[in-house]
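Novice: coords please:
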Amino acid sequence: MAGTRSGERLGRVIPFPGTAQAAERSMSTNRLVREAKLAKLPIAYVGRRMAGRGRRMLGGSAGDIERDIQLRTAEHIFEVLGELKGCAAKVGQMAAVYRSILPFDAAGPEWANLAEAVGEAMGRLQDSVPPMMPALVHQVMTANFGPEWRARFRTFDDRPAAAASLGQVHRAVWHDGREVAVKVMYPGARDAVESDLNMLRSVSGIIGAVMPGADVRAIVNTVCAIVGDELDYRREAAHQQVFADCYAGNAKFSVPNVVECADEVLISDWIDGVPLGDLVDSGSPDDRSRAGLAIIEFVESGKERCGLLYSDIHPGNFLLLPDGRMGVVDFGACADMPPNFRRIVFEIGDALYNGTHEDLENALRTHGFVRPGQEFDVREFADIVAPFLDVLLRNDFDLSPEWMREQVAEIAKIRLSNVFRQMTLPPEFTVVARAAATCMGVLCQLRTEGPIREEFLTWWPELAEVIRRYEARNADLRQIRPMRAGGARPGR
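Specialist: Next up is the predicted model:
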């Protein structure tokens, strides 16, 4: 893997050619424009609500007016965040995963059409970031590889082949004849990220207005925690090559090799395939389930083979190749596993399946998920997570958006104890939480069915032992249910 010479930087990319003073003014102006665009979101939302009151006074249907307000707000968010690129578009990318599982219809069946429209508007963010003009792409390439950068390629297509939240991908032919994917970061992306995030925090309530049931503030905070790593292309290249080496010649998965890397450009082997998103929309049940089980295998086997957790799980990062393998791209969100992760999962899992409420609370407190002295409603927590535990108790569990919406709606209910507010997530588990949530979201999008339990427990012998002991105490599998609030565990 090569790049700029050690200790040498070829120059800073600026949005437009010109003098240093002009560039600084341009960057300052762009920042003000971004902030102004985001600042308009709450103002426009308030304006729509005031106009809605006037329409109701004139006899308009309250339900129709509310749906119109929500839809217009969603479209406005889509338009503004798409222009802002960066972290804002990352929110849309995550929304595309969550849109099919969020309980938009919790307020009643009349929300069904609105849910679909809002989901489409938010989900389109992942594919709708405006492309860079060729001159700007050339500037980034020159800044990273020098003025003779074209000599590295036989051909270079100025038209982007794909968009990413923080960059775009171009198809090219390397000087040795290989087809390559050239991932180019947006100029000024690093400078824009911090201001985008600050403004996103301030408008998270407005985004939440069109995503009922979603903890948008938590989603935005998660983006804040992970996006810095996704701006480090050298780190991403190192992780990608680890995966490429580990899966070289694998019969099921293909990870493109890194060809060359610089600060704002990552060049990899090109792979052709059908995006997983196409399968979500039009694939057969068997094909969708095979893809879902393959995702579980890739994420879990990556921990064993590579010692890394792949956590950027969404349809845009998986391709179905002509030879039947699954191609995997975009390794910007990989991370080391937290220390003692397996032991922690085993102890909490054993408490959930085989212990008492007291055992569960002790395990959560021991591993930092409940702070010392913090009041904690362990019975309510056990009741909420029980349906998820059922996944490992059946050999033919079917994951679906409808099932997930039921669970999210239950979690989203206003509870007297606010059990999740009583808990904390240790920082080292942020990437694990993201991987788990996005993986579950994609599996539900695919409507994965079949031996989910078998595939998962293959990689978790500790949990397999927990389940074996649980089932040994509950020979009648029809009665097996994990811990529920207010009731004794069967077989105790």
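
Novice: can you map out the strands along this protein?
Specialist: Per DSSP state E, the chain has strands spanning 153-164, 167-174, 179-185, 253-254, 258-261, 265-269, 274-275, 308-309, 318-320, 326-328, 335-336. These are given in chain order.

Novice: Now distance to Arg468, mean pLDDT and mean neighbour count too, for those, in JSON lines please.
Specialist: Backbone N, C-alpha and C define where each C-beta goes, glycine included. Rendered in JSON lines, the data for the strands of the chain read as follows (distance: least, C-beta to C-beta, whole Å; pLDDT from 0 to 100; neighbours: other C-beta atoms under 10 Å):
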{"stretch": "strand 153-164", "distance to Arg468": "43", "mean pLDDT": "91", "mean neighbour count": "16"}
{"stretch": "strand 167-174", "distance to Arg468": "46", "mean pLDDT": "94", "mean neighbour count": "21"}
{"stretch": "strand 179-185", "distance to Arg468": "45", "mean pLDDT": "96", "mean neighbour count": "22"}
{"stretch": "strand 253-254", "distance to Arg468": "29", "mean pLDDT": "98", "mean neighbour count": "20"}
{"stretch": "strand 258-261", "distance to Arg468": "42", "mean pLDDT": "96", "mean neighbour count": "21"}
{"stretch": "strand 265-269", "distance to Arg468": "42", "mean pLDDT": "97", "mean neighbour count": "24"}
{"stretch": "strand 274-275", "distance to Arg468": "39", "mean pLDDT": "90", "mean neighbour count": "16"}
{"stretch": "strand 308-309", "distance to Arg468": "26", "mean pLDDT": "94", "mean neighbour count": "20"}
{"stretch": "strand 318-320", "distance to Arg468": "32", "mean pLDDT": "95", "mean neighbour count": "21"}
{"stretch": "strand 326-328", "distance to Arg468": "30", "mean pLDDT": "97", "mean neighbour count": "22"}
{"stretch": "strand 335-336", "distance to Arg468": "29", "mean pLDDT": "88", "mean neighbour count": "15"}
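
Novice: Distance to Asp359 added to these, as a markdown table?
Specialist: Formatted as a markdown table, the entries for the strands of the chain read as follows, by distance: least, C-beta to C-beta, whole Å:
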| stretch | distance to Asp359 |
| --- | --- |
| strand 153-164 | 44 |
| strand 167-174 | 47 |
| strand 179-185 | 47 |
| strand 253-254 | 38 |
| strand 258-261 | 46 |
| strand 265-269 | 47 |
| strand 274-275 | 44 |
| strand 308-309 | 27 |
| strand 318-320 | 38 |
| strand 326-328 | 38 |
| strand 335-336 | 29 |
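
Novice: Please identify which of the ones you listed is closest to Ile467.
Specialist: Of all these, it is strand 308-309 that lies closest to Ile467, at 22.3 Å by C-beta to C-beta.

Novice: From the contact counts, what lies against that closest one?
Specialist: Counting contacts by 3 or more C-beta pairs under 8 Å, 6 or more residues apart in numbering; DSSP states H and E, the secondary-structure elements packed against strand 308-309 are helix 233-246, helix 285-306, strand 335-336, helix 430-445.

Novice: need the contact list for the closest residue to Arg305 other than its chain neighbours.
Specialist: Using C-beta to C-beta, 6 or more residues apart in numbering and skipping the chain neighbours, the partner closest in space to Arg305 is Cys246 (4.2 Å). Applying C-beta atoms under 8 Å, 6 or more residues apart in numbering, we find Cys246 in contact with 255, 302, 305-306.

Novice: Show me which pair in these is furthest apart.
Specialist: Spatially, the most separated pair among those is Val255 and Arg305, at 10.7 Å (C-beta to C-beta).

Novice: which neighbours do the two share?
Specialist: With C-beta under 8 Å, 6+ apart, Val255 and Arg305 have common neighbours 246-247.

Novice: Tell me how far Leu389 lies from Leu352.
Specialist: According to C-beta to C-beta, to the nearest Å, Leu389 and Leu352 sit 6 Å apart.

Novice: okay, the two: which has more neighbours?
Specialist: Neighbours of Leu389 and Leu352, each counted by other C-beta atoms under 10 Å, are more numerous for Leu352; the result is 22 against 18.

Novice: what about that one, distance to Met440?
Specialist: Taken as C-beta to C-beta, the span from Leu352 to Met440 is 17 Å.

Novice: ok so, going back, of the contacts of Cys246 - the most surrounded one?
Specialist: Val255 (27 neighbours).

Novice: That one is in contact with Val242, isn't it?
Specialist: No - no contact is recorded between Val255 and Val242 when judged using C-beta atoms under 8 Å, the distance being 9.1 Å.

Novice: Overlap of the contact sets of the two?
Specialist: With contacts defined as C-beta under 8 Å, 6+ apart, no residue is shared by Val255 and Val242.

Novice: Pull up the gap between Val466 and Ser301, please.
Specialist: In terms of C-beta to C-beta, Val466 sits 21 Å off from Ser301.

Novice: try Glu471
Specialist: For Glu471, the distance to Ser301 equals 25 Å [C-beta to C-beta].

Novice: what does Val432 give?
Specialist: Taking C-beta to C-beta as the criterion, Val432 is separated from Ser301 by 16 Å.

Novice: Same check on Ala244?
Specialist: From Ala244 over to Ser301 (counting by C-beta to C-beta), the distance is 14 Å.

Novice: got a list of what Gly450 touches?
Specialist: Neighbouring residues of Gly450 by C-beta under 8 Å, 6+ apart: 289, 293, 396.

Novice: Report the contact partners of the residue lying closest to Glu230 once chain neighbours are set aside.
Specialist: Nearest non-adjacent residue to Glu230, counting by C-beta to C-beta, 6+ apart: Gly332, 3.7 Å away. Going by C-beta under 8 Å, 6+ apart, Gly332 touches 229-233, 235-236, 239, 312.

Novice: quick one: the helices in the stretch 351-492 of the chain?
Specialist: Counting by DSSP state H, counting those that start in this stretch, the stretch 351-492 of the chain forms helices over residues 357-366, 378-389, 401-412, 430-445, 452-458, 461-472, given from the N-terminal end onward.

Novice: Where among those is average confidence lowest?
Specialist: By mean pLDDT, the lowest-scoring of these turns out to be helix 401-412, with a mean of 78.

Novice: Show the low-confidence segments of the chain, by residue range.
Specialist: Residue ranges of the chain with pLDDT under 70: 1-130, 164-165, 191-228, 412-418, 475-492.

Novice: The residue nearest to Glu428 when sequence neighbours are not counted: neighbouring residues, count only.
Specialist: Nearest residue to Glu428, sequence neighbours excluded (C-beta to C-beta, 6+ apart): Pro338, at 4.1 Å. For Pro338, the tally of surrounding residues (other C-beta under 10 Å) stands at 18.

Novice: residues in contact with Pro338?
Specialist: Under the criterion of C-beta under 8 Å, 6+ apart, the neighbours of Pro338 are 344, 426, 428-429, 432.

Novice: From Thr430, how far off is it?
Specialist: 10 Å.

Novice: so who does the closest residue to Glu449 other than its chain neighbours touch?
Specialist: The shortest distance from Glu449 to any residue other than its chain neighbours is 4.0 Å, reached at Asp398 (C-beta to C-beta, 6+ apart). Contact partners of Asp398, counting by C-beta under 8 Å, 6+ apart, are 447-449.

Novice: and if you look at Gly283?
Specialist: Contact partners of Gly283, counting by C-beta under 8 Å, 6+ apart, are 291, 446.

Novice: just to revisit the earlier point, looking only at neighbour counts, state which of Val466 and Ser301 leads.
Specialist: Neighbours were counted for Val466 and for Ser301 using other C-beta under 10 Å; Val466 has more, 24 against 18.

Novice: All good on my end, thank you.
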